Each structure stands twice: as structure tokens, then as C-alpha cells.
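Chemist: Fold the stuff below for me.
(one chain, ligands or ions: 2)
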Amino acid sequence: MASQAPVLILLGPPGAGKGTQARMLEEAFGLVQLSTGDLLRAAVAAGTEAGRAARAVMEAGQLVSDEIVLAILKDRMVQPDVARGVILDGFPRTDGQAAALDALLASAGQRITAAVSLEVDDEAMVGRVSGRYSCGTCGEGYHDQFKQPAQAGTCDKCGGTAMKRRADDTAETVRERLKAYHAQTAPLIAYYDGKGVLTRIDAMGPIAEVQDALAGIVGRVAA
Ligand code: ADP
Ligand code: ZN
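Modeler: Ligands and ions are numbered 1, 2, ... in the order given. Next up, the predicted model:
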């Protein structure tokens, strides 16, 4: 019998590289990246009710309520492409979200395939996050020091020239986001370890090395 489509969770503080790595896994394994941060930013940009409620919370570096996040995530999970398998990036972030995810998967006869914790040093995250920007057209991520496009200002992936920076990627807000991560999200590492699905990887090295480590894990469970 065919096994279920993979459900992978990437855990790690802001700047750990969840989004960068999720995009690589998407391409390498044909999975769908599901980023609650991206979904929330889209809601803010669209000016929906959820987006209007989330905006100030996000700009302060705090977590948006489980109610709003779960509503947005559930809307996305019913899209047909999700059947290929998903990489959850930035979700779950609280006990309540983890429990809701378990219930959602159980109701579909599914379970979590693997959770990977990207382990990094907090202080380095402030530099990583405050130097980053992305392509406004395709979303490819770049960094002032660590990952410049081949031609300054032009996206390597799609040729777009509209680069953008997130409103919450300032040093001050990153410190708030790190606090929220340690208080509310880091406990989920032990939760998934207890379920026997957790792997920890060192995510302080070059992007390509982290990618190799992740591809090894995902290749075993999702190929
Ligand atoms: P990062 O991982 O770098 O902090 P994200 O794009 O994942 O970036 O999240 C940006 C912001 O969006 C968070 O600081 C938070 O306010 C909000 N957010 C994203 N995902 C969640 C979530 N699962 N629960 C609560 N808030 C979230
Ligand atoms: Zn691009």
C-alpha cells in the first residue's frame, strides 16, 4: 500500500534558514512549502480581517493568535497541491498549534513524517535576519553578506529586480522574535522528540551543507 504523502516540520528560530531550506526541499523532492509567515504576510498585504488583526503583532515580533494562524493554515491545507506532501515552515509554533496539527492529520488518517530542528546560535541570528532580503517576484531569499545574487539587484532565479525587505527584520524586532521562539516554540523540540520523529541538525554552517544534511533525512522518509 502506498504510504501517505510526507508531512515534514522545520523547527528553528528566526534566521535559522527554514524558508531557504524549505524552498530547496520543494525543488528537490516535489513537496509544497507551507509557510504561515508567508500566508500571514499575504493576508496583511490583501488587507483581510485576519491580516488587519495580525499586522501589529507581527511588526512587534510577537506570535499571532492560534485562532488566526489555524484558520489560515486550514484554508491552505485544503488546496489540491498539498496532496504531494508538505514542508511546514514556521508552523507549529505553540503547544496549541502542535495539538491542532495532530488532530488535523489524525482526522485524515495521517501523521507527521519527520520534524527537523535547525540548531543555531542566537547571536548569529540577529546578523542573519537583519541582513536579509528577497526577490519580490519569486520569493528567492538573499543576504547582504552571505548570499548575494550574481548580479547585484537582479534575482538569480527569475531575473526580477524588485528586491524587498520585511518590516520585522530589524535587529530590535529579531530579539523579540527570538524571545517568543524560546518561550513558546522551542518546547516543541522535546514534544516531537518524544514522538520519535525528531532529528537535530547543525544549521550554523554554509547553506549547501545544511541542505545536504536535510536532503539526507528527507530522502530517507520521503523519496
Ligand atoms: P521567522 O521564522 O523568520 O520569524 P516567519 O515568516 O515564519 O519568520 O514569521 C514572521 C512572523 O509571522 C512571526 O514573527 C509571527 O508574528 C508570525 N507567525 C508566523 N507563523 C506563525 C505561527 N505559526 N504562529 C504565530 N505567529 C506566526
Ligand atoms: Zn526572483
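
Chemist: Identify the bridge partners of the residue positioned nearest the centre of the chain.
Modeler: What sits nearest the mean C-alpha location of the chain, by C-alpha atoms, centre = their mean, is residue 89, with 2.3 Å. Taking DSSP bridges as the rule, residue 89 bridges to residue 10, residue 35.

Chemist: Read off the pLDDT value for it.
Modeler: Predicted confidence (pLDDT) for residue 89: 97.

Chemist: same question, residue 146
Modeler: 85.

Chemist: got a list of what it touches?
Modeler: Applying C-beta atoms under 8 Å, 6 or more residues apart in numbering, one finds that residue 146 lies in contact with 128, 131, 207. To be clear about C-beta, it is placed using only N, CA and C from the backbone, and glycine gets the same treatment.

Chemist: in what helix or strand does the closest residue in space to residue 182 that isn't next to it in sequence lie?
Modeler: Leaving aside its sequence neighbours, residue 182 sits nearest to residue 13 (C-beta to C-beta, 6 or more residues apart in numbering; 7.7 Å). Taking DSSP states H and E as the definition, residue 13 sits outside all helices and strands.

Chemist: most surrounded residue in the contacts of residue 146?
Modeler: residue 128 (19 neighbours; other C-beta atoms under 10 Å).

Chemist: got the contact list for that residue?
Modeler: 15, 143, 146.

Chemist: What is the nearest of those to ligand 2?
Modeler: residue 143 (14.6 Å; C-beta to the ion).

Chemist: Quickly list what the closest one is bridged to.
Modeler: Counting by DSSP bridges, residue 143 is bridged to residue 132, residue 147.

Chemist: Within range of ligand 2, give me the residues from the chain.
Modeler: 135, 137-138, 140, 155, 157-158, 160 (C-beta under 5 Å from the ion).

Chemist: In helices, which of those residues appear?
Modeler: Judged by DSSP state H, the subset of those located in helices is empty.

Chemist: pLDDT added to the contacts of residue 146, as CSV?
Modeler: Output for the contacts of residue 146, formatted as CSV (pLDDT from 0 to 100):
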residue, pLDDT
128, 91
131, 92
207, 90
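
Chemist: Kindly indicate which of those residues lies nearest ligand 2.
Modeler: Distances from ligand 2 to those, taken by C-beta to the ion, are shortest for residue 207, at 16.6 Å.

Chemist: Now do the closest residue to the closest one other than its chain neighbours: how many residues are near it, please.
Modeler: In this structure, residue 207 finds its nearest non-sequential neighbour in residue 20, 6.1 Å apart by C-beta to C-beta, 6+ apart. Using other C-beta under 10 Å, the number of residues around residue 20 comes to 22.

Chemist: Lovely, talk soon.
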